[in-house]
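# could you work out the structure for the sequence below:
(chains A, B, C and D)
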Protein chains: 2
Amino acid sequence: MSKKQLIMESALELFAKQGFEATSVQQITEHAGISKGAFYLSFKSKDELIIGLIDHFMQEFISDIDHVVKNHNEDKNLLNEFYKSAFHSFQKHSDFAKIFIKEQSQTVNEDLISKMHHYDKQIDKIILEMLERLYGEEVRYTKYDLIYCTKGFIHTYSHLFLFFNVPLDLNLLSQSLAEKTYLLARHSETTFISEELYQSFNEMPEEKVTKEQIIEIIEQKIEEVDESTECESLVLLKQHIQEPNLSPVIVKGLLSNLKDHPKCKQISYLLRNYLEL
Amino acid sequence: MSKKQLIMESALELFAKQGFEATSVQQITEHAGISKGAFYLSFKSKDELIIGLIDHFMQEFISDIDHVVKNHNEDKNLLNEFYKSAFHSFQKHSDFAKIFIKEQSQTVNEDLISKMHHYDKQIDKIILEMLERLYGEEVRYTKYDLIYCTKGFIHTYSHLFLFFNVPLDLNLLSQSLAEKTYLLARHSETTFISEELYQSFNEMPEEKVTKEQIIEIIEQKIEEVDESTECESLVLLKQHIQEPNLSPVIVKGLLSNLKDHPKCKQISYLLRNYLEL
DNA sequence: TATACTAATGACTGATTGGTCATTTGTCAA
DNA sequence: TTGACAAATGACCAATCAGTCATTAGTATA
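Presented below is the predicted three-dimensional model:
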C-alpha cells in the first residue's frame, strides 16, 4: 500500500471516531506508524487530506449508484437496487459515511462546502433521473420533493447501522424504502419544492454576487417600489453596503421591512447572503 | 441579560457558524465583550457550556412539540400542526438547530452523546404517541418505521432553510409533509424496524456491559455452539477480552466467523460494541 | 567502495488551546 | 473616608496545534 493510502486509511478511522477538527496530524501519523514529516510529503496540509478523502469516496459512491440507475433494466426493482447500492456503499465504507454525514452540514473550509454541494447536486441528478424514468409525468410536480424524501430516508436509516452498529438486513431495509418511495411517488399530490425553488437552491452557491451587482439590484428595486418603508430601508441598506455604518440589529430590522414585500423578497434574500446574516 | 445568557448567545452564534470544536473560548469571550476569566465564573468548562445550550433548547423544543401533540384536539390537523411546530422552533432558534444537526452524529464528549440520545428518545416517544393516536392498530407494525421517516423528513427539509437561508413557506411545507406521513401510515405495509429491533437500539446505550458479563456470555455460548470454527473463535476472543493479545485485524476476523451464525449474532454484536469496533 | 539520489525523520517554531489565579475594579454599608 | 466583599480582569501556564527543515537512513548506480 502506498504511503498516501496508508495515511488516508488512518485518517479515515480517526476522523470517523473523533471528527475532523478534533483529530490532529500527530494522531494520524502515530496511528499510521510514520513520522510527521512523512505526512507532509504526501499531503500539503490537513485540509488537502480531507478533500482528498471526500473526492475519493464520493466519486466511488456516485459512480456506483449512477451505474445501478443507468444499467438496471427491470424498472420493477430499480428503487430497491438503488437503495441497496447506497446502503451497501455506506456499510462498506462506514468510516467515510460517518464523516460524510457529520461534516456535511457545517465545515469551516470554504472549498469543502462547495465540494460537498457539488457532490450533493450530482446525487440529486441521479435520483431525479431514476424518478423520471420510473414515474415520468406522474411525478412532474412532486419529483423534487421526492428527491429530498429519498435522501431523508437514506440519511435517517443510515444512522442505525452507522452509529449503533447493529447488524441489519439491508435487503429488507431497501425493500421497505422502495415501497415507501413508490407510495409517495404514486399518491403524493402536494408540491412543496417547485422547480423554481429547487433551482434557486442549486444556483446560489456559484453566484458569489459582487458588491457592484448588489448595489445595482438595490437601485433598480428603489425605482420599482412605491412604499416609503421599503424604499427608505433600501436606501439605508445601499449606503451600508457601500460603506458599513449600521449595527447588525439595525440591518436586521431593515431586512425585516423587506422580507414580506413581494418585490423585495429576492433582494432581501440576496442581501442576507451577501452580509452573511 | 445575565452574563450567563450573554455567553450562551455568543457561543450559540459561533458554534453554529464554525462548529463546537473549531470555536475557542477566547473567540466566545471576545464576541461577548467580556474577559476570559469572566467566562469561567459562569461555566466550569467549554463542555459544560455546550451541554447547557443543548439542555436549554432541547427542553424547550421537546415541550413545544409535546404540547402540540397532547393538546391539539382536531386529529385532522395534528400532523400538520406537529410539523409546523417543529419547523417553527428550528427557524426561531436556527443557530441552535444548526448545532443540533451538526453535533448530533459525532461528538467527542461522552456525556453529550448520551444526552443527545436521551432527547432523541423523548422525541421518538412524542411522535409515537401521535402516530398511535391518529392511526392506532393500523400502524401497529409500521409505527417505528414511521418515526424514522418523520424524523428524516424534518432533518432533510430543515437543511433547506438552515443552510441555504432561503425564505420558505413553512405552512405549505408542513402540509406537504403531513400528506406524506399520512400516505405512508395508510398504505405502507413493509415493516423494517420491528418492535424488537427498535428496543435493541434504545436499550443499548445504558447497558454498558462489563467485562465480567461479556465473559460469562461467551462461556455460555461456547457450551451452546457445536461448530468448531465458532467455538474456537469464541475461546480466542475470551482470552483476548481477559488480556488483550490479538491484533485488531485478527479480532475482526474472529468476529466475522461469528456474525452469520444464528446463535452467535448477539455475542458478535455485544463484542463489537465492547471492543469499540 | 564511492557517489548521488530520494525517503524519512523528529526536533523545532510560532501560534493557539482550555483553564487558572493573583491582582484590580466596582459597589456597598458603616 | 474607610473597609469588606464580590465581580471582573488578563497575564500566565502547560499542552497542543499545523507546519518546517536540517539532518539521517536507505537504496541504486557506477
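# mind giving me the domain ranges of chain A?
A:1-43, A:50-207, A:209-274 (automatic domain parsing).
# so which of those comes closest to B:Phe39?
Proximity to B:Phe39 (C-beta to C-beta) singles out domain A:1-43 among the domains of chain A, at 20.2 Å. In short, each C-beta sits where N, CA and C put it, glycine included.
# mean confidence score for the closest one?
Average pLDDT, domain A:1-43: 90.
# got the end-to-end distance for it?
16 Å (C-alpha to C-alpha, to the nearest Å).
# so it, near DNA strand C or not?
Yes - contact of domain A:1-43 with DNA strand C (C-beta under 7 Å from any atom of the strand) involves A:Lys3, A:Ile34, A:Ser35, A:Lys36, A:Gly37, A:Ala38, A:Tyr40, A:Leu41.
# of those residues, which is the most crowded?
A:Ile34 (17 neighbours; other C-beta atoms under 10 Å in any protein chain shown).
# for that one, helix, strand, or coil?
coil (DSSP: H, G, I helix; E, B strand; the rest coil).
# what about whichever residue of chain A sits closest to DNA strand C, distance to A:Ile50?
Using C-beta to the nearest atom of the strand, the closest approach of chain A to DNA strand C is made by A:Gly37 at 2.0 Å. A:Gly37 sits 20 Å away from A:Ile50, going by C-beta to C-beta, to the nearest Å.
# where along the stretch 151-277 of chain A do the helices fall?
For the stretch 151-277 of chain A, applying DSSP state H, counting those that start in this stretch gives helices covering A:170-187, A:195-207, A:211-224, A:228-242, A:248-259, A:265-274.
# which stretch in those helices has the least confidence?
For the helices of the stretch 151-277 of chain A, mean pLDDT drops lowest on helix A:265-274, to a mean of 68.
# same for the helix or strand that contains A:His88, what does it pack against?
Per DSSP states H and E: A:His88 is located in helix A:75-92. Helices and strands touching helix A:75-92, by 3 or more C-beta pairs under 8 Å, 6 or more residues apart in numbering or on different chains; DSSP states H and E, are helix A:46-71, helix A:94-105, helix A:110-135, helix A:143-163, helix A:170-187.
# mind listing what's buried along the last one?
By neighbour count, and taking 16 or more other C-beta atoms under 10 Å in any protein chain shown as the criterion, the buried residues in helix A:170-187 are A:170, A:173-185.
# what's next to that helix, contact-wise?
Contact with helix A:170-187 is made by A:79-84, A:87-88, A:91, A:131, A:134-135, A:138-139, A:142, A:145-146, A:149-150, A:153-154, A:157, A:161, B:145, B:149, B:180, B:183-184, B:187-192, as judged by C-beta atoms under 8 Å, 6 or more residues apart in numbering or on different chains.
# just the buried ones from those, in PyMOL syntax?
Buried subset of the contacts of helix A:170-187, written as a PyMOL selection, criterion 16+ other C-beta under 10 Å:
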select buried, (chain A and resi 79+80+81+82+83+84+87+88+91+131+134+135+139+142+145+146+149+150+153+154+157+161) or (chain B and resi 145+149+180+183+184+188+191+192)
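# give the members of the contacts of helix A:170-187 that are also in contact with DNA strand C.
Among these, DNA strand C is touched by none when using C-beta under 7 Å from any atom of the strand.
# list the buried ones in stretch A:227-237?
A:Glu230, A:Cys231, A:Ser233, A:Leu234, A:Leu236, A:Leu237.
# closest one of those to A:Glu219?
Checking the buried residues of stretch A:227-237 one by one against A:Glu219 (C-beta to C-beta), the nearest turns out to be A:Leu234, at 8.6 Å.
# quick check: chain neighbours aside, which residue is closest to the residue in the stretch 51-200 of chain A that DNA strand D sits nearest to?
Closest to DNA strand D within the stretch 51-200 of chain A is A:Asn109: 10.6 Å, counting by C-beta to the nearest atom of the strand. Excluding the flanking residues, the one nearest A:Asn109 by C-beta to C-beta, 6 or more residues apart in numbering or on different chains is A:Asp47, at 5.5 Å.
# the one you found - how many residues pack around it?
15.
# repeat that for A:Ser194.
13.
# OK, contacts around it?
Contacts of A:Ser194 by C-beta under 8 Å, 6+ apart are A:Tyr141, A:Tyr144.
# quick one: pLDDT of it?
91.
# quick check: the residue nearest to A:Met1 when sequence neighbours are not counted vs A:Glu110, distance?
Among residues not flanking A:Met1 along the chain, A:Glu9 sits closest, at 7.9 Å (C-beta to C-beta, 6+ apart). Using C-beta to C-beta, A:Glu9 is found at 26 Å from A:Glu110.
# with A:Glu30 instead?
Distance of A:Glu30 to A:Glu110, given as C-beta to C-beta: 29 Å.
# which one of those two is surrounded by more residues?
A:Glu30 (14 against 9).
# mind telling me what element that one is part of?
Going by DSSP H and E, A:Glu30 is part of helix A:25-32.
# what's A:Leu128 in contact with, if anything?
A:Lys143, A:Tyr144, A:Ile147.
# so what's the last one up against?
To tie it back to what came earlier, the one meant is A:Ile147. A:Ile147 neighbours (C-beta under 8 Å, 6+ apart): A:Asp124, A:Ile127, A:Leu128, A:Leu131, A:Ile193.
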